[in-house]
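Enquirer: what follows is a predicted protein model with its sequence.
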Amino acid sequence: MINRIIDFSVHNKFIVFAITAAACLAGWWSMKHMALDAIPDLSDTQVIIFSRWDRSPDIMEDQVTYPIVTAMLGAPKVKAVRGFSDFGYSYVYVIFEDSTDIYWARSRTLEYLSGVLSNLPSGVKTELGPDATGLGWIYQYALVDKSGQRSLAELRSFQDWTLRYYLKSVPGVAEVAPVGGFQKQYQVNVDPNRLQAYGLSINRVAEAVRQGNVEVGGRLIEFGGTEYTIRGRGYARSLKDFEEIVLIASENGTPIRIKDIGKVSLGPDIRRGIAELDGEGEVVSGIVVMRQGQNALDVINRVKAKIREIEPGLPAGVKIVPVYDRSDLILRSIDNLESTLIEVMVTVALVVLLFLWHIPSALIPLITIPVAVLISFIPFRMMGITANIMSLGGIAIAIGALVDAAIVVVEQTHKRLEQWDLAGRQGDYREAIIQAVKQVAGPSFFALLVLAVSFLPVLTLEAQEGRLFKPLAYTKTLAMIIAAILAITLDPALRLLFIRLKDFNFRPLTLCKLVNNVCVGSIHSEKRHPLSRALIRIYDPVAVWTLRRKWWVISAALVLVLVTVPVYLKLGSEFMPPLEEGSILYMPTTMP
């Protein structure tokens, strides 16, 4: 079968080149449209249920968290449910099985949550968290007022009511979370003595404020053949409006208002933390959270484009200062892979040129590497693999083996042509090349497949380990399979295209002639190559000595292995390698 594929490839070179070119174009398109990120997303498929109620943690646990947790236990594909209760807050994490669609999971969560909402105490506000993961934190900015004319409360209001909605409209953004500043509140500071004197409760004050800050709708009134809609405009727009809200009427009909039992003022909400920039003072910050499954680099670029679009409309003196931008790490990761690819290709070309001194033979591995890498991006994108340091690391691992088949075929072709030359050049040199390719193409093909399947056990990993290492195994395996296919299709076609009869020169060769023939690119005998002869003179006695004393060599190797055991036992272990991201975020915690 492999020989027939080789025969078809060498007799239909341009068909092979056309198919390869089309596959490369498809691979280029797939590479440009792959989701890019710095590291693989290790998060579970989870939905967060967030509830608010101003009660103590034990009350939150018994009356809010527990009913929600028990309701979620029966949802399909749910792997675990975790509940956490804090003062005034309840968090329920619903963990679904791997590969569960996030939006299917959110729909099932809402479906099972609807049955428990009616049983929760009055006043509990429950909502779902954003459709994002733990790696959704892709961009952060700070609002800085260089003029000093605006307070933190004004900056926070601008963040919450203007800037946030601009950025949430960017495709791929799930949430823009505010940090720092002061949330402005209308606060009613009640005098308990006056409250007791009038016989009022604090609940009555809260209810009066709530009812006094609403609009109501009436019916219609007909006047002159025209209908007019009646409404009562009751929104409070100033401190005075709140002060005039009536609580109750006295026995003689005198209204008792908010200002009679306390004072209304503007003040901040209780803060659970601050945001400070570079030790220069407090600022208001915003965290852009990416929707799950999106291209992180594209979303960041769209966010930055939106910020540039709205910057001219910012209040005078206010600037948006980037604090964290993951695109820098993503681009550095891609640049690292590109430089590694270039280094490998240059190294392979130099080695082939140094030992064979034949430029066309060096071009074949140089063509095979980028072609195999490009085509491998087609199945990558079809499988939904994200381009990150682990998946791209799989390509980097495979690069060393991608050129093995090409180099083996180069060496075998040169040896066969040398034998053909010594035999008086009987027959067509093309047949000699084809026979040389057939002799080693089959073993090389299966050798690459063996290397490819060596990472298949990694695919059995589950949970976080699987999400971390499976992209590497997939990319390495697929790249090796594609390289094996190219070894029996593209490689033979290129071999016949690049090697010509005028390249053969098996006469004795000195180092000076070797340098002079670099532009000619002639094929020379291995035994007459000055570098090869020097290495063979070193290798031959070592090989003979080793074969004569094989038990000594094996024993020494075993001793060396045993010596490494104590060292291995003292090595540390870590789930992920250290990653110098280049961004420092200092988050101290203390007693409030």
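Expert: The structure has been received and is ready for your questions.

Enquirer: count the residues that sit near the spatially closest residue to Thr133 that is not a sequence neighbour.
Expert: Nearest residue to Thr133 in three dimensions, chain neighbours excluded: Ser43, at 3.8 Å (Cβ to Cβ, 6 or more residues apart in numbering). Placement of C-beta: from N, CA and C, glycine included. Other residues within reach of Ser43 by the criterion other Cβ atoms under 10 Å amount to 15.

Enquirer: in three-state terms, label Ser43 for me.
Expert: Secondary structure state of Ser43, per DSSP: H, G, I helix; E, B strand; the rest coil, is coil.

Enquirer: isn't Ser250 right up against Arg257?
Expert: No - with contact defined as Cβ atoms under 8 Å, Ser250 does not reach Arg257; the gap is 11.2 Å.

Enquirer: so which of the two has more stuff around it?
Expert: Arg257 (16 against 9).

Enquirer: can I get stretch 74-89 in CSV, CA atoms only?
Expert: C-alpha atoms of stretch 74-89 as CSV (Å, rounded to 0.1, in the frame of the first residue of the first chain):
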residue,chain,number,x,y,z
GLY,A,74,-31.0,16.3,41.1
ALA,A,75,-30.0,18.2,37.9
PRO,A,76,-28.7,16.1,35.0
LYS,A,77,-24.9,15.8,34.5
VAL,A,78,-24.2,17.4,37.8
LYS,A,79,-20.9,16.1,39.3
ALA,A,80,-20.8,18.1,42.5
VAL,A,81,-22.6,21.0,44.3
ARG,A,82,-20.7,23.2,46.7
GLY,A,83,-22.3,25.9,48.9
PHE,A,84,-20.7,28.7,50.8
SER,A,85,-22.5,31.1,53.2
ASP,A,86,-21.2,34.5,54.3
PHE,A,87,-22.8,37.5,56.0
GLY,A,88,-25.4,38.7,53.6
TYR,A,89,-24.2,36.4,50.8
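
Enquirer: what segments of the stretch 401-550 of the chain are helices?
Expert: Along the stretch 401-550 of the chain, counting by DSSP state H, counting those that start in this stretch, helices occupy 404-422, 429-453, 463-488, 490-498, 511-516, 530-548, 550-569.

Enquirer: just for this protein, where's the confidence low?
Expert: Where the chain drops to pLDDT under 70, the residues are 356-358, 400, 421-430, 498-528, 576-577.

Enquirer: flag every buried residue along stretch 127-137.
Expert: For stretch 127-137, a neighbour-count test (16 or more other Cβ atoms under 10 Å) marks 129-133, 135-137 as buried.

Enquirer: now, which of those lie within strands?
Expert: Trp137 (DSSP state E).

Enquirer: could you export the buried residues of stretch 127-137 as CSV, including distance to Ser361?
Expert: Below are these laid out as CSV (distance: Cβ to Cβ, whole Å):
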residue, distance to Ser361
Gly129, 59
Pro130, 56
Asp131, 53
Ala132, 52
Thr133, 48
Leu135, 45
Gly136, 49
Trp137, 50
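
Enquirer: quick revisit: relative to Glu309, which of the helices of the stretch 401-550 of the chain is closest?
Expert: The minimum distance between Glu309 and the helices of the stretch 401-550 of the chain falls on helix 463-488, with 34.6 Å, by Cβ to Cβ.

Enquirer: A strand includes Tyr186, no?
Expert: Yes - according to three-state DSSP, the state of Tyr186 is that of a strand.

Enquirer: for it, which non-adjacent residue is spatially closest?
Expert: Of all residues not flanking Tyr186 in the chain, Phe242 sits nearest, at 5.8 Å (Cβ to Cβ, 6+ apart).

Enquirer: secondary structure element for Gly83?
Expert: Gly83 is part of strand 78-86, with elements assigned from DSSP states H and E.

Enquirer: what's that strand packed up against?
Expert: helix 57-60, helix 66-72, strand 89-96 (3 or more Cβ pairs under 8 Å, 6 or more residues apart in numbering; DSSP states H and E).

Enquirer: buried residues of it, list them for me.
Expert: For strand 78-86, the neighbour count (16+ other Cβ under 10 Å) marks 78, 81, 83, 85 as buried.

Enquirer: from what I can see Asn3 touches Lys438, true?
Expert: Yes - in this structure, Asn3 is within contact of Lys438 by Cβ under 8 Å, at 5.3 Å.

Enquirer: and the residue nearest to Thr133, what does it touch?
Expert: In this structure, Ser43 makes contact with 133-135, judged by Cβ atoms under 8 Å, 6 or more residues apart in numbering.

Enquirer: so can I have JSON lines of those showing distance to Glu338?
Expert: JSON lines is the format used below for the contacts of Ser43 (distance: Cβ to Cβ, whole Å):
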{"residue": "Thr133", "distance to Glu338": "27"}
{"residue": "Gly134", "distance to Glu338": "28"}
{"residue": "Leu135", "distance to Glu338": "23"}
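
Enquirer: these in helices, which ones?
Expert: Per DSSP state H, helices hold no members of those.

Enquirer: what's the closest non-adjacent residue to Ile5?
Expert: Ile488 (5.2 Å).

Enquirer: deepest of the helices and strands packed on strand 78-86, which one?
Expert: Ranked by mean neighbour count, those are led by strand 89-96 with a mean of 22 (mean count of other Cβ atoms under 10 Å).

Enquirer: which strands and helices sit next to that strand?
Expert: Secondary-structure packing of strand 89-96 (3+ Cβ pairs under 8 Å, 6+ apart): strand 45-52, helix 66-72, strand 78-86, helix 102-117.

Enquirer: please name whichever of the helices of the stretch 401-550 of the chain is nearest to Leu329.
Expert: That would be helix 463-488 among the helices of the stretch 401-550 of the chain, by Cβ to Cβ, at 16.8 Å.

Enquirer: for the closest one, packing partners?
Expert: By 3+ Cβ pairs under 8 Å, 6+ apart, helix 463-488 packs against helix 2-11, helix 359-382, helix 389-402, helix 404-422, helix 429-453.

Enquirer: am I right that Gly267 falls within a helix?
Expert: No - going by three-state DSSP, the assignment for Gly267 is strand, not a helix.

Enquirer: who does the closest residue to it other than its chain neighbours form a beta bridge with?
Expert: Closest residue to Gly267 apart from its sequence neighbours, by Cβ to Cβ, 6+ apart: Gln187 at 4.5 Å. Counting by DSSP bridges, Gln187 is bridged to Ser265.

Enquirer: just give me the neighbour total for Val10.
Expert: Val10, neighbours per other Cβ under 10 Å, totals 22.

Enquirer: who's in contact with it?
Expert: Contacts for Val10 (Cβ under 8 Å, 6+ apart) come out as 430, 434, 437, 492-493, 495-496.

Enquirer: around the nearest residue to Pro76 once chain neighbours are set aside, how many other residues sit close by?
Expert: In this structure, Pro76 finds its nearest non-sequential neighbour in Arg108, 6.2 Å apart by Cβ to Cβ, 6+ apart. Arg108 is flanked by 19 other residues according to other Cβ under 10 Å.

Enquirer: again, but for Phe8
Expert: 15.

Enquirer: from Val16, how far off is it?
Expert: Taking Cβ to Cβ, to the nearest Å as the measure, Phe8 falls 8 Å from Val16.

Enquirer: same check, this time on Ala406
Expert: 15 Å.

Enquirer: which one of those two is surrounded by more residues?
Expert: Ranked by neighbour count (other Cβ under 10 Å), Ala406 and Val16 place Ala406 first, with 28 against 21.

Enquirer: would you agree Leu456 is in contact with Leu478?
Expert: No - taking contacts as Cβ under 8 Å, Leu456 lies outside contact range of Leu478: 11.5 Å.

Enquirer: more neighbours, those two?
Expert: Leu478 (23 against 11).

Enquirer: wait, what's in contact with the more buried one?
Expert: 376, 379-380, 452.

Enquirer: about what we covered before: just checking, the residue nearest to Tyr186 touches Val209?
Expert: Yes - Phe242 lies in contact with Val209 (Cβ under 8 Å); the separation is 6.9 Å.
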